[in-house]
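Chemist: A predicted structure for the sequence below; I have some questions about it.
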Number of protein chains: 2
Amino acid sequence: MSVLVVGSVAFDDIASPSGQVKGILGGAATYFSLAASFFTQVRVVAVVGDDFGPEQEKVFRAHNIDIRGLERAGGKTFRWGGTYADNLNEAKTDYTDLNVFEAFQPRIPKEYDDTDFLFLANIQPTLQADVKRHIRSVRLTGCDTMNYWINRTPTELAATLKLVDVLLINDTEAKMLAHETNLLRSANKVLAMGPQALVIKHGEYGATIFFREGAFGIGHHPFRAPALPIEEVKDPTGAGDSFAGGFMGYLASQEELNREVLKRALFYGSVMGSFAVEQFGTERLQSLTREEIEARFQVFRELTHLE
Amino acid sequence: MSVLVVGSVAFDDIASPSGQVKGILGGAATYFSLAASFFTQVRVVAVVGDDFGPEQEKVFRAHNIDIRGLERAGGKTFRWGGTYADNLNEAKTDYTDLNVFEAFQPRIPKEYDDTDFLFLANIQPTLQADVKRHIRSVRLTGCDTMNYWINRTPTELAATLKLVDVLLINDTEAKMLAHETNLLRSANKVLAMGPQALVIKHGEYGATIFFREGAFGIGHHPFRAPALPIEEVKDPTGAGDSFAGGFMGYLASQEELNREVLKRALFYGSVMGSFAVEQFGTERLQSLTREEIEARFQVFRELTHLE
């Protein structure tokens, strides 16, 4: 099976208590692709500028990621600069230069029309909806969003949520979207907006998946995957996108989509997020092996499993 | 087996988004006792004033809690008033009237000298150490503390930590105690201060137990128990003490103390904490049955267990 991601490719300047890096390859679609590539065939739709060259291409190609959907526009690639203080949960944005990303209109190559799994990374909700409507073959659509769209384009976002199967957001975003302070009530309200399942990411505490009654099986009990306590989080950038990549990539590798598969996907998401933060940028994802992923999956299992 | 708790018995005024109550029975030793009473014989050492009467006694007696160690002093019982805003994780203290608790000197009745399990609730560290030294029969000692003692009596607290087997604190307290921002590094530093195991409570995200290398079995992998996403947290007061009661009470009910038993104890702690917050004060713990506890234990298991 294949998974298509639509989102940003960027160059990042990042500073954290562990050090700093400049102009490294980043962007939601990049983290997602690399994480998903360990499980399935990945296709990317994104836009880059003239400064995106063979060196960057090589990172995608090394993981057999299909970048025929990577549009080259005249100008500079999206650039982001962020600083993490001791509280690594939140980045202070130093600057955002949208550059070619500002006028991004996702164009889906013909060869992508048979895509099975679709992930709409964090872009303008109407663009997300357009992509979803364009690809008719999709079995399951995952979606991300952020406070910016929740606050500024609530109507457009509501329309998009009606089209997606699984929404992946964090605690703050879920509460903001539901106008609620309680997590469970937020989850129920968000599920009523459209998605069959909702993944809420809790940062260092893992993630919970909530199901609509009857979606992907019987019952409606939520399920929680832990995150690994890590000695040194070097760079939290891309943890959520890597989570999404592990989650969607694992789903795309499976024949059947049932509760048990979604639970395992949640564990794989959490595993990929935990690797991503160990090094700056995509460094750890680039060096990773499937064996290491399976070993950590077992560690995560033991972390919460009673005999 | 028996578990002895030394701590506060209080009357609380509590306000939360779900309502408010005045003069209800509270205090760490009260929550702990009720939670532990579902698993084992409980003994209490605490001090109360003239305003503590048959109505309050009945709450303890209904759960076969031994209150021969409940000292009656002339004066008023400890009173605390707190308000929870929408963020239910933290109470704003409206007032603290220590009253008879101010001069509390734990006196252990002779009949308690054969106590097997000891829990030192959040009191002055030197008093905690005195109690620990007094009871020589103890198989395992659990201990709580708070930011007040961490900041004001670090030397006394360090001495106490050398005497206890399991310390139960929350994320903020662990980081404060270790002068660290990372949870895993904090855990390792705190374990180096004395305890064989450290339970860090994450509020609505559950709790993690960290082990010293070789303590209670081989290896040193941590273990995490989830918390149940709850639709309405009415009153978080006493959640941590109820957690400790479930944890210690379950340990005291077991023949052997090994990793697997400690993991199950962590689940029972999380279960008891989740019940406590469903009603104001000790109301939910008072009405609870062992069957409800076992049913929720299974829900917690399913919440994180892959097939």
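Modeler: That came through, no problem. The structure presented is a predicted model; accordingly, all values stated were derived computationally and were not measured. Numbering: from 1, shown residues only, chains lettered A, B, ... in the order given.

Chemist: how about the most centrally placed residue in chain A, what does it touch?
Modeler: In chain A, the centroid-proximal residue (Cα atoms, centre = their mean) is A:Asp241; its distance is 2.8 Å. Residues near A:Asp241 by Cβ atoms under 8 Å, 6 or more residues apart in numbering or on different chains: A:7, A:28-32, A:35, A:121, A:144. (Each C-beta comes from the backbone N, C-alpha and C, glycine too.)

Chemist: check A:Ile150 too.
Modeler: Taking Cβ under 8 Å, 6+ apart, we find A:Ile150 in contact with A:157, A:173, A:176-177.

Chemist: now do the buried residues in the helix or strand harbouring it.
Modeler: Using DSSP states H and E, A:Ile150 falls within helix A:147-152. For helix A:147-152, the neighbour count (16 or more other Cβ atoms under 10 Å in any protein chain shown) marks A:149-150 as buried.

Chemist: now that helix: how far from the chain's centre is it?
Modeler: 18 Å (Cα atoms, centre = their mean, to the nearest Å).

Chemist: which one of the contacts of A:Ile150 is nearest to chain B?
Modeler: A:Met176 (13.0 Å; Cβ to the nearest Cβ).

Chemist: for the stretch 51-200 of chain A, which segments count as helices?
Modeler: A:54-61, A:125-134, A:147-152, A:154-161, A:171-178, A:183-192 (DSSP state H, counting those that start in this stretch).

Chemist: show the average pLDDT along the third one.
Modeler: This predicted structure assigns helix A:147-152 an average pLDDT of 96.

Chemist: please, a PyMOL command that selects the buried ones among the contacts of A:Asp241?
Modeler: Buried residues among these (16+ other Cβ under 10 Å), as a PyMOL selection:
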select buried, chain A and resi 7+28+29+30+31+32+35+121+144
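
Chemist: mind checking the end-to-end distance for stretch A:132-142?
Modeler: Chord length of stretch A:132-142, first to last residue, is 10 Å (Cα to Cα, to the nearest Å).

Chemist: quick check: mean pLDDT of that stretch?
Modeler: For stretch A:132-142, the per-residue pLDDT averages 94.

Chemist: buried stuff in it?
Modeler: Neighbour-count burial for stretch A:132-142, counted by 16+ other Cβ under 10 Å, picks out A:132, A:134-135, A:138, A:140-142.

Chemist: chain B next: which of these are close?
Modeler: Residues of those in contact with chain B (Cβ under 8 Å from any Cβ of the partner chain): none.

Chemist: mind checking which of those residues are in strands?
Modeler: Members of the buried residues of stretch A:132-142 lying in strands (criterion: DSSP state E): A:140-142.

Chemist: bridged to A:Ser2, which residues?
Modeler: With DSSP bridges as the criterion, A:Ser2 is bridged to A:Gln41.

Chemist: verify the stated contact: it with A:Ala252.
Modeler: Yes - with contacts counted by Cβ atoms under 8 Å, A:Ser2 reaches A:Ala252, the gap being 6.7 Å.

Chemist: residues shared between the contacts of those two?
Modeler: Listed as contacting both A:Ser2 and A:Ala252 by Cβ under 8 Å, 6+ apart are A:40-41, A:116-117.

Chemist: leaving out sequence neighbours, find the closest residue to A:Leu183.
Modeler: By the measure of Cβ to Cβ, 6 or more residues apart in numbering or on different chains, the closest residue to A:Leu183 outside its immediate chain neighbours is B:Pro229, 5.5 Å from it.

Chemist: what's the local residue count around the one you found?
Modeler: By other Cβ atoms under 10 Å in any protein chain shown, 22 other residues sit near B:Pro229.

Chemist: still on that earlier bit, would you verify that the residue nearest to the centre of chain A is located in a helix?
Modeler: Yes - read with DSSP: H, G, I helix; E, B strand; the rest coil, A:Asp241 is one of the residues of a helix.

Chemist: poorly predicted segments of chain A, please.
Modeler: By pLDDT under 70, the weakly predicted segments of chain A are A:219-220.

Chemist: recalculate using a threshold of 50.
Modeler: Regions of chain A meeting the criterion pLDDT under 50 are absent.

Chemist: which bits of chain A sit near chain B?
Modeler: By Cβ under 8 Å from any Cβ, the residues of chain A that approach chain B are A:17, A:86-88, A:181-185, A:187, A:202, A:204-206, A:208, A:210, A:221-226, A:229-233, A:260, A:263-264, A:267, A:299, A:301-307.

Chemist: so who does the closest residue to A:Thr40 other than its chain neighbours touch?
Modeler: Closest residue in space to A:Thr40, ignoring its immediate chain neighbours: A:Ala252 at 4.0 Å, by Cβ to Cβ, 6+ apart. Residues in contact with A:Ala252, defined by Cβ under 8 Å, 6+ apart, are A:1-3, A:36, A:39-41, A:116-117.
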